[in-house]
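> need coordinates for the following:
(3 chains)
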Amino acid sequence: MSRRRQQNRDDEDNGFAEWGGYFEAKKAKLREQYKETAAKQVEKISDIFTGVSIFVNGLTNPSSDQLKLLMAQHGGTFHLYQSSSTTHIIASNLPNVKINKLGSLPIVKPSWVTDSIALNKLLDYKRYLLYTNQSTSQPRLDFPVVPKTASDPHFLQEFYSNSRLHLISTLGAEFKQFIADLRDKPREFPGRSKLEVSKTGAPPQTPVVMHIDMDCFFVSVGLRTRPELRGLPVAVTHARRAQLNPNKEREETVTLNMDRVAQGGELGMIDGRSSMSEVASCSYEARKCGVRNGMFLGAAAKLCPQIKTIPYDFEGYKEVSMILYKTLSSYTLNIEAVSCDEMYVEVTDLLKTFNLSVEEWANHIRGEIKTATGCPCSAGFGSNRLQARLATKKAKPDGFYYLKPEDVESYMAEIALADLPGVGYATLNKLKSLGLETCGDVQVASLGVLQKELGAKMGETLLEQAKGIDQKPLNYHHERKSVSAEINYGIRFKTIDECYNFLESLGNEVWSRLNEIKMRAKTVTLKVMIRAPDAPLETAKFLGHGLCDSVSKSVTIAHHISDVKILQREIRSLYEKMNVNYGELRGLGVQLTKLEKLAPINPTLSNFLQQESKKSDSSDTVKSKMATRGRPRKNSKGQKNSLSDFFKNKKETPVQNKPLEMKPTEVDPEVLKELPPEIRAEIIKEYNLAPKPPVKKSLTWPQIKPPVKKSPFSGLTWPQIKPILHKWLQSEQKPDDYDVTLLGEHFRQLAIDRDIDWLPTAMNFLYRNFGEMNCFWHKAYHKIVDLVQQGMVARYGGTLLIKRDFDCLHCV
DNA sequence: ATCCTCCCCTAC
DNA sequence: TAAGGTAGGGGAGGAT
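Residues are numbered from 1 along each chain as shown, chains lettered A, B, ... in the order given. Okay, here's the model as predicted:
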């Protein structure tokens, strides 16, 4: 995540560098504002802003808080963060404006709000645009939009930034790491000062495990800023409406798929006009109608016609889950992170120390979480993780339940087998075939029968689970056993090269994830999904995988994979061995297993790097780490020698102990330049580093003309500029206005010269990392608007495409 | 017996 | 339109 989501870092080292500092900066403010919201009820005055959803950026007059109140009073929605539901950005002053969607949202002066209220009607915002060039006569940048498949080089990135499943997976892993890291530091529990030793409490004499889980997490986060939807059936989906526009072709496709695929399944509930966007999360009101997470929106709307949809808010989920974890970890670190909204906590000692009953503690912690996040959660307690988890089911929504040891036997007997963790669709069917439906049934079943149906291990655990027994202790430190990237959406290759390119990007993806956790792998597995022979060519779900067969193949090498090129070669050879038709592919995945931790590098060098890494931590490899560290602080002999030793050792180290791969070609000139002179000289000598040949420009586009003014960026191309920006990003040393202006001028000139080959890359980078410093691209903005008008640059989602990419997409 | 590969299943 | 990922547990069946 850190790799993809580098945020502006204008905060001090906060110990959560992997969160890019973003959360820390906003957290206090968020908490404060929710306290306020909880405290006062807003009186409704009018509905003039119905459908309007504002995001306030920077200082405004009236203030953000006042605008929030005004929106609440007049039927609008106020966002703390820009989300996909935002309709207008409110800002007063140019340098502070964060342009997030590159022109796709209007940036409006706050007087639009106050004037509208004064006249008691919604005024046309176009008269209040902060940028004059956003007037109606000017084109908007969000055109034209083209459908993209995995054939497009931007696909992976685009897909990940919209995938809920990817998000919850990565967040889960982040929080496991978060807890592990905290446990490695000296422990402090500031939260405990909020607890008093209870006079009346009676802590249980048996061990107590708490299971805590946010209630319909995505919905709750979305409702923070949409109080008007509380109490209604709500679902989080990509689609806005359950009914699509009539489309004959699609209706036929869906019908065709229904015949072949699903007999009485969910497809039976939809037709060619129903949205097949998945419900990521639904409110309890929607669940009452039978709506379930994972359902297609079309099916959900059949069950619950009045269902309201709200968009995803990925930033919000990260915010809230971070607050949740920081809240709990301020009391104890005996936490096993399960996911972004769920964890187990061993609270036996905590209850004893403060003489708390389960109820006192539950009320305290649930109250604190609600106040801090604005979202409800439920807590279950029991003497092991299984009991705690089952107690949570009873506690939901927004409650707690303690399953006492003496109640376990009777409680368990009534539990449906489907409620046991580990019992899903397939297992449930097997158990049904044995005539078993509740834990009570299983309690009296024979171990042999269970094992015959489910296998030795599963049979045994099921029997134990049915009795409420769970031997597995909480796992506070968890060790990764595999790293994988898999895409089973949008895979429609037209040529074998598209397929190879995509495999390569998957390879790069897993490789960089492996580097993030500082591990190496010995086994590569390629997994493919292939259209089932009898499945229709087109899937019912847009770009879905449809009915597929899946095949996987793996290779294990003697030593760990030391270079991404080797990985790419292995992936490709696995693919070739599979002998599949690229046109039939519907999914591809690369998994790395047999992991080993990279041997710790030379301790003195390690110190050297660590000193530098205090500033931030978001790099993939030593190379990029060094490239982004900025200037080394010290220049002592010891460091010099150790670095030199490191390079020497590296050559002589046996392969399996090879610490970090660094080939001479990987030594970045930018890095070299920044190193202390002696070290630089030594590396150059050691590796006979020749100066890098200048980057060749494509002939299809005009050569760069230097900007009029003398600029530090004169004649530089994007690959050369990027490390400089990286350095700005990562150091306290901020670029001064002059540099920024010159860079903007440089970009503008490039746009004029039509040297837009790399301009989108640069703009996307700036947009992601320097959103606050909009003057960067604002300089070039007007010119880009022209280019868009001429069809030279198009926008897809949050990404700019140049004409060539765009044309090639049209051909497809 | 034990390990390995190729699955399948489950959870969030 | 839509964004069906990712990690871990474990079983079947063959190789050692």
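
> which elements pack onto the host helix or strand of A:Lys394?
With elements delineated by DSSP states H and E, A:Lys394 resides in helix A:385-395, which encompasses its position. For helix A:385-395, the elements it packs on are strand A:209-214, strand A:342-346, strand A:377-382, strand A:400-402, helix A:408-414, judged by 3 or more CB pairs under 8 Å, 6 or more residues apart in numbering; DSSP states H and E. Using the backbone N, CA and C atoms, a C-beta is placed for each residue, glycine as well.

> that helix to strand A:342-346, inter-axis angle?
Here helix A:385-395 runs at 120 degrees with respect to strand A:342-346, directions being taken by axes from the mean of the first three to the mean of the last three CA atoms, to 10 degrees.

> so what touches helix A:385-395?
A:209-213, A:336, A:344, A:378-382, A:401-403, A:408, A:411-412, A:415, A:419-421, A:465, A:468-470, A:472, A:474 (CB atoms under 8 Å, 6 or more residues apart in numbering).

> hmm, back to that, so which of the helices and strands packed on helix A:385-395 is nearest DNA strand B?
DNA strand B lies closest, by CB to the nearest atom of the strand, to one member of the helices and strands packed on helix A:385-395: strand A:342-346, at 4.4 Å.

> and the closest one, anywhere near DNA strand B?
Yes. Contact check for strand A:342-346 against DNA strand B, using CB under 7 Å from any atom of the strand: residues in range are A:Glu342.

> roughly how far does the residue in chain A that DNA strand B sits nearest to sit from A:Asp470?
Taking CB to the nearest atom of the strand as the measure, chain A has A:Gly424 as its residue closest to DNA strand B, at 2.4 Å. Taking CB to CB, to the nearest Å as the criterion, A:Gly424 is separated from A:Asp470 by 18 Å.

> do A:Ile517 as well
Taken as CB to CB, the spacing of A:Ile517 relative to A:Asp470 amounts to 29 Å.

> looks to me like A:Gly544 is in a helix.
No. According to DSSP: H, G, I helix; E, B strand; the rest coil, A:Gly544 belongs to no helix; its state is coil.

> what's near enough to touch it?
Neighbouring residues of A:Gly544 by CB under 8 Å, 6+ apart: A:Met276, A:Tyr489.

> 7 Å instead, please
With contacts defined as CB atoms under 7 Å, 6 or more residues apart in numbering, A:Gly544 is in contact with A:Tyr489.

> how deep is A:Asp65 tucked in, by neighbour count?
Other residues lying near A:Asp65 total 13 when counted by other CB atoms under 10 Å.

> how many other residues sit next to A:Ser512?
Counted with other CB under 10 Å, the burial measure for A:Ser512 works out to 18 neighbours.

> ugh, typo on my part, it should be A:His726
Counted with other CB under 10 Å, the burial measure for A:His726 works out to 21 neighbours.

> do the same with A:Arg389
The burial metric for A:Arg389, expressed as a neighbour count using other CB under 10 Å, is 22.

> show me what the helix or strand harbouring A:Lys318 is packed up against.
Counting by DSSP H and E, the element that carries A:Lys318 is helix A:314-329. With contacts defined as 3 or more CB pairs under 7 Å, 6 or more residues apart in numbering; DSSP states H and E, the packing partners of helix A:314-329 are helix A:22-39, helix A:164-184, helix A:217-223, helix A:358-373.

> again, only this time at 10 Å
The helices and strands touching helix A:314-329, judged by 3 or more CB pairs under 10 Å, 6 or more residues apart in numbering; DSSP states H and E, are helix A:22-39, helix A:164-184, strand A:209-214, helix A:217-223, strand A:335-339, strand A:342-346, helix A:358-373.

> quick one, which of the ones you listed is nearest to DNA strand C?
helix A:164-184 (3.3 Å).

> any idea of the mean pLDDT in that closest one?
Across helix A:164-184, the average pLDDT comes to 96.

> got the residues of the stretch 251-400 of chain A near DNA strand B?
Taking CB under 7 Å from any atom of the strand, the part of the stretch 251-400 of chain A that reaches DNA strand B is made up of A:Val338, A:Ser339, A:Cys340, A:Asp341, A:Glu342.

> hmm, I typed the wrong one, I wanted chain A.
On the criterion CB under 7 Å from any atom of the strand, DNA strand B has as its neighbours in chain A the residues A:165, A:168-169, A:172, A:338-342, A:420-428, A:523, A:525, A:550-554, A:556.

> end to end, how far does stretch A:200-207 reach?
Using CA to CA, to the nearest Å, the span of stretch A:200-207 from its first residue to its last is 20 Å.

> which intervals of the stretch 601-750 of chain A have sub-threshold pLDDT?
The stretch 601-750 of chain A contains residues with pLDDT under 70 at A:601-712, A:714, A:728-742, A:744-745, A:748-750.

> what does the stretch 101-250 of chain A have sitting close to DNA strand C?
Taking CB under 7 Å from any atom of the strand as the contact definition, the stretch 101-250 of chain A meets DNA strand C at A:147-148, A:158-160, A:162-166, A:168-170, A:172-173, A:237-240, A:244, A:250.

> one more time with 10 Å
Applying the criterion CB under 10 Å from any atom of the strand, the portion of the stretch 101-250 of chain A that neighbours DNA strand C consists of A:145-150, A:154-173, A:176, A:237-245, A:247, A:249-250.

> any stretches of the stretch 51-200 of chain A with poor pLDDT?
A:80-81, A:83-84, A:93-104, A:131-147.

> next, count neighbours for A:Leu167.
With neighbours defined by other CB under 10 Å, the count for A:Leu167 comes to 20.

> and A:His545, what are its phi and psi?
A:His545 adopts backbone torsions of phi -90, psi -20, taken as degrees, to the nearest 10.

> ok now do it, which residues does it touch?
A:487-491, A:529-532, A:535, A:539, A:585-587 (CB atoms under 10 Å, 6 or more residues apart in numbering).

> phi, psi of the residue lying closest to it once chain neighbours are set aside?
Nearest residue to A:His545 in three dimensions, chain neighbours excluded: A:Arg586, at 3.9 Å (CB to CB, 6 or more residues apart in numbering). Torsion angles at A:Arg586 (phi, psi; degrees, to the nearest 10) stand at phi -130, psi -10.

> is A:Arg586 in contact with A:Glu486, as I believe?
No. Applying CB atoms under 10 Å, one finds A:Arg586 not in contact with A:Glu486, separated by 11.9 Å.

> now do the shared contacts for those two.
Among the neighbours of A:Arg586, those also in contact with A:Glu486 (CB under 10 Å, 6+ apart) are A:Val528, A:Met529.

> can you pick out the residue with more neighbours from the two?
When A:Arg586 is set against A:Glu486 and neighbours are counted by other CB under 10 Å, the residue ahead is A:Arg586, at 25 against 17.

> could you dump the residues of the stretch 251-400 of chain A next to DNA strand B into a markdown table and include neighbour count and distance to DNA strand C?
Compiled in a markdown table, those are given as follows (neighbours: other CB atoms under 10 Å; distance: CB to the nearest atom of the strand, whole Å):
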| residue | neighbour count | distance to DNA strand C |
| --- | --- | --- |
| A:Val338 | 17 | 11 |
| A:Ser339 | 17 | 8 |
| A:Cys340 | 24 | 10 |
| A:Asp341 | 27 | 12 |
| A:Glu342 | 20 | 12 |
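
> now, which of these sits nearest A:Lys457?
Set against A:Lys457, the nearest of these by CB to CB is A:Val338 (21.2 Å).

> check what pLDDT that closest one gets.
Here, the pLDDT recorded for A:Val338 equals 97.

> just give the closest residue to it, not the sequence neighbours.
For A:Val338, ignoring the flanking residues on the chain, the nearest one in space by CB to CB, 6+ apart is A:Tyr344 at 6.7 Å.

> wait, doesn't that neighbour sit right on A:Pro421?
No. Proximity of A:Tyr344 to A:Pro421 does not meet the contact threshold set by CB under 10 Å, at 11.4 Å.

> among the contacts of helix A:385-395, which ones are buried?
Burial of the contacts of helix A:385-395 was assessed by neighbour count (16 or more other CB atoms under 10 Å); the buried members are A:209-213, A:336, A:344, A:378-382, A:401-403, A:408, A:411-412, A:415, A:420, A:465, A:468, A:470.
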